[in-house]
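Novice: Here is a sequence with its predicted model. Questions after.
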Amino acid sequence: MKNRWSFKITPVRVVLMGLGALGLALMAYRLAFGLGSSTNLSDQWPWGMWIGFDVLTGVALAGGGYSTCLLVQVLGIKKFTPIARSAMLTSLIGYLLVMGGLFMDIGRWFNFWRPFVSWGYHSVLFEVFWCVSLYTTIQLLEFGEIATEKVMKPWHGLVKKVLPVLFIIGIVLPTLHQSSLGSLYVIEVGKLYPLWWSMLLPVFFLMSSFFVGPAMVTVESALAGRAHGHRPDYSVLQSLIKVSGYLMLVYLGLKIYDLYSRGVMDLVFRGNLEGNMFLLEMAAGVIIPLIICFTPGWRSTRAGVLSFSVLVVAGVIINRMNVVFTGMSGYMGGSYFPSWIEWGVSLGLLAIGVLGYLFVVENFNILPHGNKAEESINAPSGERGYRLSPSGKAY
Amino acid sequence: MVPKGVLVDITKCVGCGSCTVACKLWNNLKYDGTPADGKDAALGAESWTAVKWVEAPKDGETVWRFVKNQCLHCHQPACASACFSKAIKKTADGPVVYDEKLCVGCRYCMLACPFNIPKYEWDKSFPRVRKCQMCAGRIAKGETPACVGVCPAGALTFGEYNELAGLAAERIQKGGYINHIYGEKEAGGASWLYISDVPFKDLGFRTDVTTRPLPEYSESILKLTPAVGLGWGAVLTGIYVYNRRRNEIAREEGEKNKK
C-alpha cells in the first residue's frame, strides 16, 4: 500500500481540467501564430493582461511563500509552522504559473534563454529574470523536502541538510525581485501617472508583496479548508494577519510621505479616473483592512480575518492593475481589453495551478491534520499521505 | 569614430516625404497602408520615419509645419538600458541599433522609450522590434543616412555631433527660431537635434521629457542590489544561526533538567 497516488475526480475538477485543456490548446495556438493573432496587444499597449495580471500580480500574490518562510524558518515563530508548507506550495505553483505566463508573453520564445548568456545587467528586467528563475528552482528544491517523504526517500536526509541555505537564498531572491518588479516602472518617469510613479516604487512593491502574503495564505487556507473539509486554525491566521497590519501601517505612512514630498497630494482628490482608482486602492486595500485589523473585536472573528484578507488581496491586485493600466492609460492613449484567448490562457493556467495544488495536497503531507504535522517526518510514509476529512467530503 | 548626428531644421522642411521613401527603399520596408507622409503619418513596424503635417499657431495665424519623426538615437538610450539581453546597443558612431538574434521579445524597450519609437511586428509568429537604425551600415562606410541623402530642401544636416550642436545654436542666434534645440537636453541628449520657429509643444513633441538620462533612474536603484542581497543574506543567516543555537541550548538544558 506504500506510495499510493490518489486524485479524486469531482465535477469541479472536471471543469478545471476542461479549462486547463482549453488553455493548453490556446497556448499552442499562440506559440504557433504569434501575439498579434491571439492578443489585443498593440504598439500603444505592448504589455497587457499576461504581464499585468499573470506576471506582476501573480508574483506579488505568491509572496506568501517567502514571507512565511521568513517568519517560520528564520525568525522561528513556531505558531505559524502549520501553514508553512501550504504557503510554500502555493508560492511554488504561483511561480510556475508566472513562468508559464511570461513564456506566453515573450514574442521570440525560442530565445528565452538569451539573458542567461547575453547579460543585459543594466536592465531591471535582467535582475527580475535571474531572480525569478533561480527562486523557482530554489522552491522546487525546497519542495524536495516534502517530496522525498514519499518518493526518492534516500535523498531526504541530504535535502534536509541543505534546507537552511535554500531558505535564506529563498528569502533574499524574492526580496530582490519583488522590489525589482516595482523598479521596472521607474524608467516610466513622466509616463506613469505621478500617483504611482515614484523612486520608492521598489519599496512599495516589496512591502505590498510581503503584507499580501498572510492575506493570501488566509484566503487559500479558507478555500482549501472548504475543499478538503478541514478547518483552518483561525487563531494562527489571526496573529499572522497582525504581521500584515503592522507592515501596512508603515506602508500607508510611507505612501502619504511619498505623495506629500513629491507634491502630488492634490492629485488624489481630483475626481478623475486616476485619482478615484488610487483612492479605491488605498481605501479598500489598505485603510479598511487596517481598521478591521486593529479593532480587537473584529480581528478575532472568522469574518474579520476573512474580510481583511480578501480586501488586502484585492487591494494589491488593484494596485498592480493601476500601475500597469490605469496609470499608463493617460500617456499611452487608445484602449486595451484582453482578447478571449488572453483570458482563456490566463484562466487555463490558473485552472492547471489549482489542479496541481489539489493533487499535491492529496498526495503529500501539506495541510496540518491534528497534531500529526509535527511528527510526521519520522513516521512511516503510509501514514503521512493526505487523508480525507471524517465526512470524506472533497470538492 | 567621432559620434555623428543629424540636425532637423523644421523651418526648411516642405513635407515632400522623400525621406520616408528613401528609408523604405534602403531598409527594404513594405508599404503596409500606414501613411508615412501627411496629417495622419505615423511610425510603424514598416515605417521607421514619418513626416507629419501639423497646423500650428504662429504670430496670430495658423501655419503648416512638417515634422519628421524617427528614433532620436539618445546618447544614453532608455531602450538599450531596458534590454535584458543586450539586443539594443548604442554604437560609437551614434546610431542605436537592434540585433534580432539576441531579442527575446519582451517589449520592455517599447515601454522604456520616452519618445514611443520602437514598434513591433504584431502579425508575425516571431516578431522583431522595428525602429530607425540611422543607417548604421552607411554611416560606418562614411555615407549619410538614406533620408538625409535625398532631402531636397536642406532640412536635414548630417555631421559630427559636436559641430551640429554649434550649427543649431548659430542658426538660432541669427533669428527666426525659438530658443530651444530639441534633443539637446531631452532624455539626457540625443544624436538627432531639432530646431523650429514654433514651439515644439505645438508641433506635437513631448516637452515634459526629463533631462536626466533615463538609464540613471534604474541604475541608481540597481546598484544597490549587491549590497541589499548580501547584507540581507547576512542578516538572515545571523538570525537563523542565533535561533538554532538558542533552541539547541534550550533543548540541552531541558534534558539536563530531566536528569
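Specialist: Cool, got the structure. Only a predicted model underlies this, so the values are computations on that prediction, with no experimental measurement involved.

Novice: With the flanking residues excluded, which residue is spatially nearest to the closest residue to chain B within chain A?
Specialist: Here chain A gets closest to chain B at one residue, A:Gly107, 2.6 Å apart by Cβ to the nearest Cβ. For glycine as for every other residue, the C-beta is placed from the backbone atoms N, C-alpha and C. If you skip the residues right next to it in sequence, A:Gly107 has B:Gly105 as its closest partner in space, 2.6 Å away by Cβ to Cβ, 6 or more residues apart in numbering or on different chains.

Novice: what's the answer for B:Ala136, then?
Specialist: Leaving aside its chain neighbours, B:Ala136 sits nearest to B:Pro95 (4.0 Å; criterion: Cβ to Cβ, 6+ apart).

Novice: Roughly how far does that neighbour sit from chain A?
Specialist: 18 Å (Cβ to the nearest Cβ, to the nearest Å).

Novice: close enough to count as contact, that residue and B:Arg138?
Specialist: No - between B:Pro95 and B:Arg138 there is no contact, the gap being 9.7 Å when judged by Cβ atoms under 8 Å.

Novice: the more surrounded of the two?
Specialist: It is B:Pro95, of B:Pro95 and B:Arg138, that has more neighbours when counted by other Cβ atoms under 10 Å in any protein chain shown, with 25 against 18.

Novice: what's near enough to touch that one?
Specialist: Residues counted as contacts of B:Pro95 (Cβ atoms under 8 Å, 6 or more residues apart in numbering or on different chains) are B:73, B:133-136, B:139, B:191.

Novice: What values do phi and psi take at it?
Specialist: When quoted as degrees, to the nearest 10, the phi and psi of B:Pro95 stand at phi -60, psi 150.

Novice: Show me the shaky parts of the chain.
Specialist: No chain was given, so I picked chain A. Where chain A drops to pLDDT under 70, the residues are A:1-3, A:369-395.

Novice: Switch to chain B, please.
Specialist: Checking chain B against pLDDT under 70 turns up B:259.

Novice: residue contacts, the residue in it positioned nearest to chain A?
Specialist: Taking Cβ to the nearest Cβ as the measure, the point where chain B comes nearest chain A is B:Gly105, at 2.6 Å. Neighbour list for B:Gly105: A:106-109, A:111, B:126-127, B:129 [criterion: Cβ under 8 Å, 6+ apart].

Novice: what's around residue 25, how many residues?
Specialist: Picked chain A for this. 13.

Novice: switch to chain B, that's the one I care about
Specialist: As a burial measure, the neighbour count of B:Leu25 was computed by other Cβ under 10 Å and equals 11.

Novice: what packs against the helix or strand where it lies?
Specialist: Mapping B:Leu25 onto the secondary structure by DSSP states H and E places it in helix B:18-27. With contacts defined as 3 or more Cβ pairs under 8 Å, 6 or more residues apart in numbering or on different chains; DSSP states H and E, the secondary structure elements packing on helix B:18-27 are strand B:50-58, helix B:146-150.

Novice: Quick check: closest non-adjacent residue to B:Asp32.
Specialist: Leaving aside its sequence neighbours, B:Asp32 sits nearest to B:Glu46 (Cβ to Cβ, 6+ apart; 4.7 Å).

Novice: show me the contacts for that neighbour.
Specialist: The contact partners of B:Glu46, by Cβ under 8 Å, 6+ apart, come to B:24, B:29-32, B:34, B:130.

Novice: By neighbour count, which of these wins?
Specialist: The residue in the contacts of B:Glu46 with the most neighbours, by other Cβ under 10 Å, is B:Arg130 (22 neighbours).

Novice: Near the residue lying closest to that residue once chain neighbours are set aside, how many other residues are there?
Specialist: Take B:Arg130 and drop its neighbours on the chain: the residue closest to it by Cβ to Cβ, 6+ apart is B:Ala45, 4.3 Å away. Counted with other Cβ under 10 Å, residues neighbouring B:Ala45 total 22.

Novice: The one 3 residues further on too?
Specialist: A total of 27 residues lie near B:Trp48 under the criterion other Cβ under 10 Å.

Novice: Dihedrals phi and psi, it?
Specialist: With angles defined as degrees, to the nearest 10, B:Trp48 shows backbone torsions of phi -80, psi -20.

Novice: Can you verify my assumption that it contacts B:Asn69?
Specialist: No - using Cβ under 8 Å as the test, B:Trp48 is too far from B:Asn69 to be in contact (9.6 Å).

Novice: Would you tell me which residues of the stretch 51-200 of chain B are close to chain A?
Specialist: Counting by Cβ under 8 Å from any Cβ of the partner chain, the positions of the stretch 51-200 of chain B adjacent to chain A are B:78, B:80-87, B:100, B:102-108, B:110-112, B:114, B:119-128.

Novice: mind redoing it with 7 Å?
Specialist: Contact residues of the stretch 51-200 of chain B with respect to chain A, defined by Cβ under 7 Å from any Cβ of the partner chain, are listed as B:78, B:81-86, B:102-108, B:110-112, B:114, B:119-120, B:122-127.

Novice: Among the residues you listed, which ones are in strands?
Specialist: With strands identified by DSSP state E, the entries of these that belong to them are B:119-120.

Novice: packing partners for the helix or strand A:Ile291 falls within?
Specialist: Applying DSSP H and E as the criterion places A:Ile291 in helix A:288-294. Packing contacts for helix A:288-294, counted by 3 or more Cβ pairs under 7 Å, 6 or more residues apart in numbering or on different chains; DSSP states H and E, involve helix A:234-261, helix A:296-299, helix A:302-321.
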